[in-house]
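Asks: Provide a 3D model corresponding to the input given below.
(2 chains)
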There are 2 protein chains.
Amino acid sequence: MGTMRRWYFNKRPTREIEADTLQLREESRPPLRDNEFLLRSVYLSMDATNRLWIGDWDLYMEPVALGAPMVGFTVGEVVESRHPDFAVGSLAAGILPWADYNICNGEGVQALPMIPGLKLADAFGILAVAGPTALVGLMEIGRPKPGDTVVVTAAAGAVGMLVGQIARIHGCRTIGIAGGAAKCRSLTEQFGYDAAIDYKSEDVIARLRELAPDGVDVHFENVGGEMLDAGLTVMKNFGSVVICGLISTYNSSGPVPGPYMFRNLIMRRLRVEGFVILDYAQRYPEFQAKLAQWMLEGRLHYRLHIERGLENAVDTLKLLYSGGNQGKVMLQIGAEPVT
Amino acid sequence: MGTMRRWYFNKRPTREIEADTLQLREESRPPLRDNEFLLRSVYLSMDATNRLWIGDWDLYMEPVALGAPMVGFTVGEVVESRHPDFAVGSLAAGILPWADYNICNGEGVQALPMIPGLKLADAFGILAVAGPTALVGLMEIGRPKPGDTVVVTAAAGAVGMLVGQIARIHGCRTIGIAGGAAKCRSLTEQFGYDAAIDYKSEDVIARLRELAPDGVDVHFENVGGEMLDAGLTVMKNFGSVVICGLISTYNSSGPVPGPYMFRNLIMRRLRVEGFVILDYAQRYPEFQAKLAQWMLEGRLHYRLHIERGLENAVDTLKLLYSGGNQGKVMLQIGAEPVT
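Replies: Residues are numbered from 1 along each chain as shown, chains lettered A, B, ... in the order given. As a prediction, the model looks like this:
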C-alpha cells in the first residue's frame, strides 16, 4: 500500500505555465493486481513538446485531459511485480505520469536494456529522446551530403548539441545558433561546431551570410519564429529545412504567423519537412546502438542538466522556455538503482 | 527597318500594378545583323509570377531591371532571318520582351516544334508553361499514390485546371477550390474534379472535412494565405504540400506572414516543397509529349482565355490578380502564321 505523489493537469494555461496549471497531490497507492508492477521513478525527461500536451492545439497525439495526470518520458526501477515480463530490479521506460511511483500493466512501457559502460543518466538522457530525434531529423529528414553546410538552432539544447556532432561525423560543416556567450562557447569547444552565432548579441542573418557565403544546405529548426526566418533567408537552392521543434511558439494562444520568408520555398526550391520521433519507435534499437557506440568511443559529447525532486518538476520544465538550461534537461525523482 | 512597340518597366509598384508601372513605347527597329532574326510575336503567356519580376523580392531568377523591357513567355514567327538555325516561317518561343517584334540572336529562345493535330494557341497555352508546371508539381513534387485525395487551389486557373485531371488520370480523388459558382461548375463539368469548393460562398475547412473526412494526402497550392491554411488544417499524417504559387502574396509590399498552421508540419509530419518549372527545361520534351498525347486523346480538357492587342498587356496580366479569368490567360499580339 503506502502513498504516491502525482502531478495533475489542473487548469489550461493561456500562455506560460502558471502556478495553478499543474498540481502535485499525494494519494494512496492501491495494491498491485495480476499483470501489474510498481515502477519507482528515477529520471523524468523534460522536453519542450510536453508544454503542447496541456495546450489546446490539434497535436500529433492525444493531449493530456484536464484533470488527468501530467505525463512525460520516464525511466524507473521495478520495485514490486506481479507481471511476468517485468522483474523486480529491472528498468523500464515510457511515457508515464509525473509521479514518484507508477503502477503499470506493461502498456506503453518498455524494458530498458542497460548498455555496459554507460551510466543510467547518460543512457536515458541521450538515448531515450534527444539522440534518436537528432539522428532521425538530421539523417532521415535533412539528408545532408558530406561537405554540406548545416545550421542548427537551439544548438546548445538537448537535440541541438547532438545534431552538430552527427553532422560533423557525416563530414558536414556546422554552424550552431544559441543565446549567450557561454552557450556559444560550448558549441565550438564542447560540441564540435565549426562556428557559433549568439542570437542575443549578433545579427543572425548577417553572420550566416558571412559564415556561409554560398548559402546553407540543411537547416535544422528547433525554435521557429525569427530563427527560422533567418534560416530561410540564407538557404541554398534545393536545400532542406528540418522542422524538429517550434519552441518559440509553444506558449502562444491564438494564431501564430508562420515564417515571413515562406515564399523562399519557391524562390529557393526548398523542401521543408516536419517529423515526430514517436513514429520511429520500432527503429529505436538501431538508432540507440549507433548513438551508444559514438558515446562509448568518445565521439559524441553531451551535457546533462539534472534538477532534483518531483516537487520541482514544473520549474524544471520551464527552464526550457527561459533558455535557463544547457544541454539535456532531466529531473531526478528518485535514487539510481544500486547495481 | 520599320518600328516596333515594346513595354518598359517604368516604376516599381508598391502593391497592385499601376498605370505608370509599365509603359508602351514605339521605337525604330534596327536592321538585323549576322546571327540575328526578327520574331513577330503571336502569343504572350500571362503568368502570375510575371508580377514578381518587377517586384523587389529576392527571386528564383534575375528580376527585370528598372528601365528595361518587361518580359514574358512568348511564341512568334520568324519573319526575317540572318541566323542559320531559325528559318523564316518557323516558330520560336522563349522569355522575351513584351513587344510586337523582337530581334533575337537565338539565346534563350528555342525553336517550337508544331504538334500535328494541335492548334498553336493550344500547344503554346498548355505545353509551354502551365502543363509542365502541373505535371512536375503534382507527379514529381506531390507524388500522390493512386487512391489518394488531392486538393488543388485556384483550380480553375491555368495550372489548376490541369492538375486535377492529371491526378485523376493517376487514379486520385480530386477536390478543386475556386472562387464563384461558374468556376466551380467548370471544375466538375469540364475539368473532371470529383468535387468543387467555392471559397467565396463556402466555409473551406468545413467543406474539406466533409469531402475528405480522413484527411488530404496531397495539397497543391497556387494561392497561399487563407487557402494554404485551410489546406494545412486538413492534411493527413505524412501528406505532402506542393508550393507551386503564392499569388495572394505577390502584390504585397512589406513582410507577409507565412501560414498560421505552419505547426502542422510537425503535428501531421508534412513535407512542404516548392519548385520552379524553369529548372526542368531539359525535360520539357518528355513532359510535352505526354501532355500532347493526353490532349490529342481528349483526356486533358482546358480553357484558354485569350485577350488581344499588345496595348492590353497590362490589363490582361491583372486579370490573374482579380480572378477575372477562367483557364489559361494569353494575349494575342499578332495573327497566327498561315500554314
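Asks: bridging residues for residue A:101?
Replies: residue A:40 (DSSP bridges).
Asks: For residue A:53, see how far away it is.
Replies: Noted for residue A:101: a distance of 21 Å to residue A:53, by CB to CB, to the nearest Å. C-beta here means a position set from N, CA and C on the backbone, and glycine is covered the same way.
Asks: again, but for residue A:165
Replies: 29 Å.
Asks: if you count what's nearby, which of these two comes out ahead?
Replies: residue A:165 (21 against 18; other CB atoms under 10 Å in any protein chain shown).
Asks: was I right about the more buried one contacting residue A:299?
Replies: Yes. Residue A:165 is within contact range of residue A:299, at 7.3 Å (criterion: CB atoms under 8 Å).
Asks: For chain B, what's its nearest residue on chain A.
Replies: Closest approach of chain A to chain B (CB to the nearest CB) occurs at residue A:258, with a separation of 2.7 Å.
Asks: Would you mind confirming that that residue makes contact with residue B:259?
Replies: Yes. Look at residue A:258 against residue B:259 with CB under 8 Å: they come within range, at 4.3 Å.
Asks: Give me the below-cutoff pLDDT ranges for chain A.
Replies: A:1, A:339 (pLDDT under 70).
Asks: what are the ranges of the helices in it?
Replies: Ranges of helices in chain A, per DSSP state H, are A:120-125, A:131-135, A:160-169, A:181-189, A:204-211, A:226-233, A:264-267, A:284-296, A:313-322.
Asks: which stretch among the ones you listed comes nearest residue B:281?
Replies: Shortest distance between residue B:281 and those, using CB to CB, is found for helix A:264-267: 16.8 Å.
Asks: Contacts for that closest one next, please.
Replies: When contacts are defined by CB atoms under 8 Å, 6 or more residues apart in numbering or on different chains, helix A:264-267 is touched by residues A:232-233, A:235, A:270, A:272, B:57-60, B:243-246, B:272-276.
Asks: buried stuff in stretch A:293-307?
Replies: Under the neighbour-count criterion of 16 or more other CB atoms under 10 Å in any protein chain shown, stretch A:293-307 has A:294, A:295, A:300, A:301, A:302, A:303, A:304, A:305, A:307 buried.
Asks: how near is residue A:49 to residue B:192?
Replies: 42 Å.
Asks: And for residue A:70?
Replies: Residue A:70 is 51 Å from residue B:192, where distance means CB to CB.
Asks: Among these two, which residue is more densely surrounded?
Replies: A side-by-side neighbour count of residue A:70 and residue B:192, using other CB under 10 Å, places residue A:70 first with 23 against 19.
Asks: what number of residues lie near the residue of chain A closest to chain B?
Replies: A count of nearby residues for residue A:258, using other CB under 10 Å, gives 26.
Asks: ok, what's across the strand from it?
Replies: With DSSP bridges as the rule, residue A:258 is bridged to residue B:258.
Asks: Next: residue A:151.
Replies: Under DSSP bridges, the beta-bridge partners of residue A:151 are residue A:175, residue A:219.
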